[in-house]
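1. just the structure for this:
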Amino acid sequence: MPEGNLPAALRTQTQALRASTARLKYWQQRLCRQIKGIDERLALLSGVDVTPGIHCVREIWRSDEALLPISCLDVSTAAGGLFASGSRADSFVLLQGAFDNVGWPEPLPLALPKNLGVKALTFVHSTCSFGVAAAGDSQVIIWRGSSCDDFGNFDDYDENKVITCSVGGTDPVCVLRSVSDHEIRGCGVLAAAAGCRISLWDIASLKTMHTLELAGSVIDFQLLAPHLVASLSVDREASEMYSSNHIQIWDLRQSASSRPACELLCQRCRCTEDVMLDVCQGAGSTWLAAAGGQCFEAWDMRIFRPLVSCEPVVPGPAAGHMASLALGPHKGGLVTIGLESVHNQQGYMILARLDQGQPMFQKLENSPSEVVNALRWLPEVLASKASSTDGAVLVA
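-> Below you'll find the predicted structure:
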C-alpha cells in the first residue's frame, strides 16, 4: 500500500522508524570511524633530564606512522595526575594518566563533533564535578562527571555528561582557560575567547557570569584568579594598533567591569598572532609573562611591576622565534620557552629564573630537536613523581 494511503497515525510511526534507522546508521558509521582512529593512534610518554634537577616529560601522538603535532595540552592533579592533549589536525582530545597511573592503563579518546580539529582545551574542576572542555569552532564541548572516576567507563554519547556552551557569534574559540579557588567552596570559572569576546561561566552551574567585549580580536588571555582576567588583543583595523602593546587587566568584582581596571604596557612585545601569555603562582607571588617573536616580558602581579623585558640570548644557536611559553613556581619562578630556529626549522628550549633580576637564559641540551608547540610545568605534587628535584615540564 502506498505510504500516502496509510492512516495518519501509521504514517507518523513509519516516519519515526525511518528517522530512528537513519540516526542508528549515523552513529554506527561514526563509531566505526572513531574505532579506526583509536586503533591507528599510539600515545607515547617518555622522560629525560634536560638539565640537572629539571625533568622533561614528552608526549607524542602517532597516526598511520606519522607524527601529529599537538597544539594544546593541560595537566590535572586528579587521579594521581592526568594529561589532556589535542591537535588541530585531529578531532580527538586524548585523556591519559601520567606516570602509569593505576586505573588509567589506556589513553581515553574524546571526540569533537563534525570531525573538527582541536583548537583549545582545558580541565574543569569544581567541588562537585570534574571534566574536560575543548573547542573546534564557536561551541565549547564539556565532557563532565561527578569525579574523574566517571571517565573510566566513559560513554562519549551520554547526553547527561556532554554539555555544550556557546560564546555567541560565529568566531571560533581560540583560547580556553579555567581556574578554581579552593578557599571559596565551589568557586570555579571556565572562560573562552572568540573574536573580540571573552565569555566566563561558573563551572558548577555553567551559567554565564560575565562577557567581556574587547576593542580588538583576542590573541590570548589568562585567569589570574576567578575574578581577575589578563587579556591581550589587537585591533587589526587601527593603523597604529594601539591595543597591540597593552595587556588589559579586568577585575570582575567591579561594577564597571565593562572597562579594564588597568593596563600593562609591553615594552618589547608587539602583538601579532604568535604572542603568548602565561601565569603562575607560588611562594606568595603571582607572575604574568608575555612572549612573541624574539622578545620576552614578565610582571609581578602583586604590585603590577615590570620584572623583565629582554630578547633572550643563549650561547650557541642562532636566535629563534618563540613557539611556546610556560611559567613554573619552582625555585622562585622558572620560565621555559620553546623556540623555532630561523634557519633550519628545528626547535630547542631555553630556561631561566625570574627571581634573579635580569634572567640568564640557558639552552636545555637534552630538549627535543623538533619545534615544541605546547609547554606546561607540572604541579609540584606531580613533578616529584618524575624524580625531579627542581620541577618537571610537559612538552608536546
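
2. just the strands in the stretch 201-350 of the chain please.
-> Under the criterion DSSP state E, counting those that start in this stretch, the stretch 201-350 of the chain contains strands at 208-213, 217-225, 228-234, 246-251, 262-265, 276-282, 285-292, 295-300, 305-310, 320-328, 334-341, 347-353.

3. between the third one and strand 208-213, how big is the angle?
-> With axes from the mean of the first three to the mean of the last three C-alpha atoms, to 10 degrees applied, the angle from strand 228-234 to strand 208-213 works out at 30 degrees.

4. just the C-alphas of strand 228-234, formatted as CSV.
-> The C-alpha trace of strand 228-234 is given here as CSV (Å, rounded to 0.1, in the frame of the first residue of the first chain):
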residue,chain,number,x,y,z
LEU,A,228,40.8,38.6,37.6
VAL,A,229,41.4,38.3,33.8
ALA,A,230,44.5,39.4,31.8
SER,A,231,43.9,39.8,28.1
LEU,A,232,45.9,40.6,25.0
SER,A,233,44.2,41.7,21.9
VAL,A,234,44.8,43.5,18.6
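
5. residues contacting that strand, please?
-> 191, 193, 196, 198, 200, 212, 214-224, 241, 243-244, 247-252, 260, 264, 271-272, 275, 277, 279, 288, 290 (C-beta atoms under 8 Å, 6 or more residues apart in numbering). No exception for glycine: its C-beta is placed from N, CA and C like everyone else's.

6. what subset of those is buried?
-> Buried residues within the contacts of strand 228-234, defined by neighbour count using 16 or more other C-beta atoms under 10 Å: 191, 193, 196, 198, 200, 212, 214, 216-224, 243-244, 247-252, 260, 264, 271, 275, 277, 279, 288, 290.

7. flag the shaky bits of the stretch 101-250 of the chain, pLDDT-wise.
-> 101-106, 149, 151-161, 181-186, 235-245 (pLDDT under 70).

8. how much space between the nearest residue to Gly328 once chain neighbours are set aside and Leu265?
-> Distances taken as C-beta to C-beta, 6 or more residues apart in numbering put Trp377 closest to Gly328, at 3.2 Å, once the chain neighbours are dropped. In this view, Trp377 and Leu265 are 26 Å apart by C-beta to C-beta, to the nearest Å.

9. ok, these two, which is more surrounded?
-> Trp377 (23 against 10; other C-beta atoms under 10 Å).

10. contacting residues for that one?
-> Applying C-beta under 8 Å, 6+ apart, we find Trp377 in contact with 280, 326-330, 334, 336, 383, 391-394.

11. thinking again about what came up before, any chance of a markdown table for the strands of the stretch 201-350 of the chain, columns distance to Cys56?
-> Listed next are these as a markdown table, based on distance: least, C-beta to C-beta, whole Å:
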| stretch | distance to Cys56 |
| --- | --- |
| strand 208-213 | 35 |
| strand 217-225 | 23 |
| strand 228-234 | 27 |
| strand 246-251 | 29 |
| strand 262-265 | 30 |
| strand 276-282 | 17 |
| strand 285-292 | 19 |
| strand 295-300 | 20 |
| strand 305-310 | 23 |
| strand 320-328 | 11 |
| strand 334-341 | 9 |
| strand 347-353 | 8 |
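
12. of all the ones you listed, which one is nearest Gln362?
-> For those, proximity to Gln362 was assessed by C-beta to C-beta; strand 347-353 is nearest, at 5.7 Å.

13. closest one to Ala84 among the strands of the stretch 201-350 of the chain?
-> When the strands of the stretch 201-350 of the chain are compared by C-beta to C-beta, strand 320-328 sits nearest Ala84, at 15.6 Å.

14. list the buried residues in the closest one.
-> Quick answer for strand 320-328 (16+ other C-beta under 10 Å): 320, 322-328.

15. what ranges do the strands span in the stretch 1-150 of the chain?
-> In the stretch 1-150 of the chain, the strands defined using DSSP E, counting those that start in this stretch lie at 41-51, 54-63, 66-68, 72-76, 82-86, 92-97, 108-111, 120-126, 129-135, 139-145.

16. state the mean pLDDT of the longest one.
-> In other words, strand 41-51. Strand 41-51 shows a mean pLDDT of 55.

17. also the fifth one?
-> Average pLDDT, strand 82-86: 86.

18. would you agree Pro172 is in contact with Ala192?
-> No: counting by C-beta atoms under 8 Å, Pro172 does not reach Ala192; the two are 10.2 Å apart.

19. so for those two, which sits in the more crowded spot?
-> Neighbour count, other C-beta under 10 Å: between Pro172 and Ala192, Ala192 has more, with 27 against 17.

20. how far away is that one from Ala120?
-> Taking C-beta to C-beta, one finds Ala192 at 7 Å from Ala120.

21. next, count neighbours for Ile203.
-> Using other C-beta under 10 Å, Ile203 has 27 neighbouring residues.

22. any idea how far Gln222 is from it?
-> Counting by C-beta to C-beta, the gap from Ile203 to Gln222 is 17 Å.

23. distance of the closest residue to Asp251 other than its chain neighbours from Ile163?
-> Spatially, and ignoring its direct neighbours in sequence, Asp251 is nearest to Ala261 (4.2 Å; C-beta to C-beta, 6+ apart). As judged by C-beta to C-beta, Ala261 and Ile163 stand 31 Å apart.

24. and if you look at Arg177?
-> 17 Å.

25. who's more crowded, these two?
-> Arg177 (22 against 14).

26. element containing that one?
-> Element membership for Arg177 (DSSP states H and E) is strand 173-181.

27. this completes my enquiry, with thanks.
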